[in-house]
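Visitor: Predicted model and sequence follow; I will ask about them next.
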Amino acid sequence: MAEWKRLAEKYKWLCILTGGIGFFLAPFLWPIFLAIIFQSLSLAVPVIVAVFLISTIRKEKKNEQNCDNEKVQTGNTDDDFSENISKEGPSTKPADETEEHLSERNKEEQSQPLKQKAYPQHEKYETKCRAAAWYQLEGKERIQNLKAKMENENIRRFSISPEGVCCVREGNRFRRIGVLRAFPCQETKVLINCLSKDHIHAVKKGKYLWLSWERSVAR
């Protein structure tokens, strides 16, 4: 204890002096400390993001490899199964083989028309749903804007090409007035029904869909 007291008395003024200098310089040194902290964070954040992206990419590659391995395993099992069937085939009687082949052919012929009918109907239903969804989400608003624009010019008719390009006929030429993105040209019947509900008459002439409407009476 005596030695500690001697050291405290010896360096008393030195501690007071360093404390006063630190207290005086603290306001000037704080910006430097903050700048160092901000610099370290700005360097660390990109590194963390890069590590996260690399880890996610590696996980996706592992999942893809696992899926490929599963496909290979299923293919091998199918090959083994077909080999076993081919080995067992010669031991049976020829009459049984012909009956089995005929039954298999009949099953295939009966199943093929069902598949050919089922898949096109499903695809048509999907395209109709997409056309109706496109009209409700994007097409309706875009067509109404073009309609209002044309009414200001005293025009109540314009055409839509399969690419979604909207044009107005002016004499012997056509003037482009807008473009409809992702226009479902293959399902014009669905669009005609949707447009009729909004009091827009639509008729398909060749490749083009012509829209017309009556003059709106201001109340």
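Guide: Received it, and whenever you're ready, just let me know what you need.
Visitor: Every contact and neighbour count from this point should use C-alpha atoms.
Guide: Noted.
Visitor: For Arg176, grab the count of nearby residues.
Guide: 13 (other CA atoms under 10 Å).
Visitor: That one sits in which helix or strand?
Guide: strand 173-179 (DSSP states H and E).
Visitor: Just checking: what are the partner strands of that strand?
Guide: strand 165-170 (antiparallel) (DSSP bridges).
Visitor: Can you show me the CA trace of stretch 8-16 as CSV?
Guide: Output of stretch 8-16 as CSV, limited to C-alpha atoms (Å, rounded to 0.1, in the frame of the first residue of the first chain):
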residue,chain,number,x,y,z
ALA,A,8,0.1,8.1,-6.8
GLU,A,9,1.8,11.1,-5.2
LYS,A,10,4.7,10.9,-7.7
TYR,A,11,2.5,10.9,-10.9
LYS,A,12,-0.4,12.9,-9.5
TRP,A,13,0.2,16.0,-11.6
LEU,A,14,1.0,13.9,-14.7
CYS,A,15,-2.4,12.1,-14.4
ILE,A,16,-4.2,15.5,-13.9
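Visitor: Report the mean confidence score over it.
Guide: The average pLDDT within stretch 8-16 is 76.
Visitor: Likewise for stretch 25-42?
Guide: The average pLDDT for stretch 25-42 rounds to 77.
Visitor: again with stretch 53-67
Guide: Stretch 53-67 comes out at a mean pLDDT of 79.
Visitor: same thing with stretch 135-142?
Guide: Stretch 135-142 shows an average pLDDT of 91 in the prediction.
Visitor: Show the subsequent helix or strand relative to the strand holding Arg176.
Guide: Following strand 173-179 in sequence, per DSSP H and E, is helix 188-197.
Visitor: Helix, strand, or coil at Lys204?
Guide: strand (DSSP: H, G, I helix; E, B strand; the rest coil).
Visitor: what's it in contact with, if anything?
Guide: By CA atoms under 8 Å, 6 or more residues apart in numbering, Lys204 lies in contact with 188, 210.
Visitor: measure it to Ser161 for me?
Guide: Separation of Lys204 from Ser161 (CA to CA, to the nearest Å) stands at 10 Å.
Visitor: got any residues that touch both of the two?
Guide: In contact with both Lys204 and Ser161: no residue, using CA under 8 Å, 6+ apart.
Visitor: Looking at this structure, which helix is longest?
Guide: In the chain, with assignment by DSSP state H, the single longest helix is helix 12-88.
Visitor: Check which helices and strands that helix is in contact with.
Guide: Where contact means 3 or more CA pairs under 8 Å, 6 or more residues apart in numbering; DSSP states H and E, helix 12-88 is not packed against any helix or strand.
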